[in-house]
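Peer 1: Okay, structure incoming, though there's no sequence with it:
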């Protein structure tokens, strides 16, 4: 079993460059989904992860998830930002993760 730390910023881009992480009072969260079989729905790996950092240069907020993968192969990840009272909910593009033997 391999452990992979994933930090993603794409789902929170609806903030239009604003710092909406938890420390700045943001209330939205990110749920990370990881799958191995494209014919089956991905599983929730981290539910309700708070936005933990903000990159002022790119205007992106980040949430982090630690995932344990069962072995070599291609996995896919999708993450969903819940939105909050100011920012709309959003879903990332599918990201492929390749783990070699």
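Peer 2: The structure has been received and is ready for your questions. What you see is a predicted model, and the numbers here were worked out from it, not measured in a lab.
Peer 1: List the neighbouring strands of the helix or strand hosting residue 44 plus their orientation.
Peer 2: For residue 44, the host element (DSSP states H and E) is strand 43-50. If you go by DSSP bridges, strand 43-50 pairs up with strand 29-35 (antiparallel).
Peer 1: Can you give the distance of the partner strand from its chain's centre?
Peer 2: The chain centroid and the centroid of strand 29-35 are separated by 5 Å under C-alpha atoms, centre = their mean, to the nearest Å.
Peer 1: Check the model's average confidence along the strand holding residue 44 for me.
Peer 2: The average of the pLDDT scores along strand 43-50 is 89.
Peer 1: go on, stretch 56-72?
Peer 2: Average pLDDT, stretch 56-72: 84.
Peer 1: Give me the buried positions along it.
Peer 2: 60, 61, 62, 63, 64, 65, 67, 69 (16 or more other C-beta atoms under 10 Å). Where C-beta positions appear, they are placed from N, C-alpha and C, glycine not excepted.
Peer 1: likewise stretch 22-42?
Peer 2: 22, 26, 28, 29, 30, 31, 32, 33, 34, 35, 42.
Peer 1: what residues does that stretch touch?
Peer 2: Under the contact criterion C-beta atoms under 8 Å, 6 or more residues apart in numbering, stretch 22-42 has outside partners 6, 8, 11-12, 19-20, 43-52, 54, 61, 63, 65, 67, 69-70, 73-85, 87, 89, 97.
Peer 1: again, but for stretch 46-54
Peer 2: So stretch 46-54 is contacted by 12, 19-22, 24, 26, 28-32, 60-67, 82 (C-beta under 8 Å, 6+ apart).
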